[in-house]
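**Student:** Quick one, structure for this:
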Amino acid sequence: MPTATVKPTTVRIEEGLKEQATEFLDSVGLSLNSYLNLAVRQLVNQQKIPFEIVGRSEVPNEATRRAMVIAEAHELGILPDESPSFDSVDDLMSFLDED
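**Tutor:** Sure thing, here's the model as predicted:
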């Protein structure tokens with residue numbers, strides 16, 4: 001079986017991202033170069049991106065962060081909980097029907 005010619009390629013990766021990737025790959029016994037070759041080979045073999053592309057988890061916006069802080073303050077007893085409580089669904093429905 002003839003050996004394939006290897007051609008050097010430059011890949012630009014953000015420094016922090018490269019460090020994180022290298023650290024993980026080292027822990028599973030792969031180099032960054034080996035992983036990139038593996039990923040490209042699978043791209044060619046499968047004719048598709050060989051993994052699920054997942055977006056970053058959404059960072060809560062200002063309103064959501066404030067609501068989270070207030071909820072935690074209520075839970076910890078820092079703020080008094082003035083929200084109504086109900087003993088039955090009928091009581092809840094009556095409250096919701098009020099104007």
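**Student:** can you give me the helices for this protein?
**Tutor:** With DSSP state H, the ranges of helices along the chain come out as 15-27, 32-46, 62-76, 89-97.
**Student:** Identify each buried residue in the third one, please.
**Tutor:** Spelled out, that is helix 62-76. Residues of helix 62-76 classed as buried: none (neighbour count, 16 or more other Cβ atoms under 10 Å). (Glycine included, C-beta is placed from N, CA and C.)
**Student:** Show me the contact partners of that helix.
**Tutor:** Pro60, Leu79, Pro80, Asp81, Ser83 (Cβ atoms under 8 Å, 6 or more residues apart in numbering).
**Student:** on that earlier part again, would you mind giving the helices of the chain as TSV with distance to Thr5 added?
**Tutor:** Shown next, in TSV, are the helices of the chain (distance: least, Cβ to Cβ, whole Å):
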stretch	distance to Thr5
helix 15-27	25
helix 32-46	14
helix 62-76	54
helix 89-97	72
